[in-house]
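J.: Using only what follows, build the 3D model:
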Amino acid sequence: MTNTMEIPNQMEIKKKGDAALIDTLGVVGFARYMELFDNGGEGDYTEEKQNIPIMDLSIDEVCRLSS
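T.: Next up, the predicted model:
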């Protein structure tokens, strides 16, 4: 007799884990739980986005960059 175990892939584990947390904590609790793992990024996005060099380019100039 052989015992086999089907191992789910990462996406299946994530979906099942999310569903279990939502069932247990509710949607708001799940969102707050996920925030525990968000380090909030770093820097000041509002300030940094003003200093992105591409922001000074026209649409045509941006299109030429990608071709």
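J.: quick one: buried residues of the longest helix seen in the chain?
T.: Ranked by number of residues, the top helix in the chain under DSSP state H is helix 10-35. Neighbour counts over helix 10-35 (16 or more other CB atoms under 10 Å) mark 21, 30 as buried. Placement of C-beta: from N, CA and C, glycine included.
J.: Run through the protein and note the low-pLDDT ranges.
T.: By pLDDT under 70, the low-scoring segments of the chain are 1-2, 40-41, 54-55, 67.
J.: wait, what's in contact with residue 30?
T.: Counting by CB atoms under 8 Å, 6 or more residues apart in numbering, residue 30 touches 18, 21, 22.
J.: one more time with 6 Å
T.: Shown in contact with residue 30 (CB atoms under 6 Å, 6 or more residues apart in numbering): 21, 22.
J.: The following helix or strand past the longest helix of the chain - contacts with which helices or strands?
T.: Toward the C-terminus, helix 10-35 is succeeded by helix 45-50 as the next helix or strand (DSSP states H and E). Packing partners of helix 45-50 (3 or more CB pairs under 6 Å, 6 or more residues apart in numbering; DSSP states H and E): none among the helices and strands.
J.: next one: helix 45-50 to chain centre, how far?
T.: With CA atoms, centre = their mean, to the nearest Å as the basis, helix 45-50 stands 20 Å off its chain's centre.
J.: same check, this time on stretch 31-44
T.: The answer for stretch 31-44 is 10 Å, by CA atoms, centre = their mean.
J.: what's the span of it, first residue to last?
T.: 23 Å (CA to CA, to the nearest Å).
J.: Next: stretch 30-49.
T.: 30 Å.
J.: Show me what counts as buried in it.
T.: residue 30.
J.: could we number from 52 for the rest of this?
T.: Okay, using 52 as the starting number, the last item reads as stretch 81-100.
J.: now that stretch: how far from the chain's centre is it?
T.: That offset, for stretch 81-100, works out to 11 Å (CA atoms, centre = their mean).
J.: tell me the phi and psi of the residue most central in space within the chain?
T.: Nearest residue to the geometric centre of the chain (CA atoms, centre = their mean): residue 89, 9.6 Å. Here is the backbone geometry of residue 89 (degrees, to the nearest 10): phi -90, psi 110.
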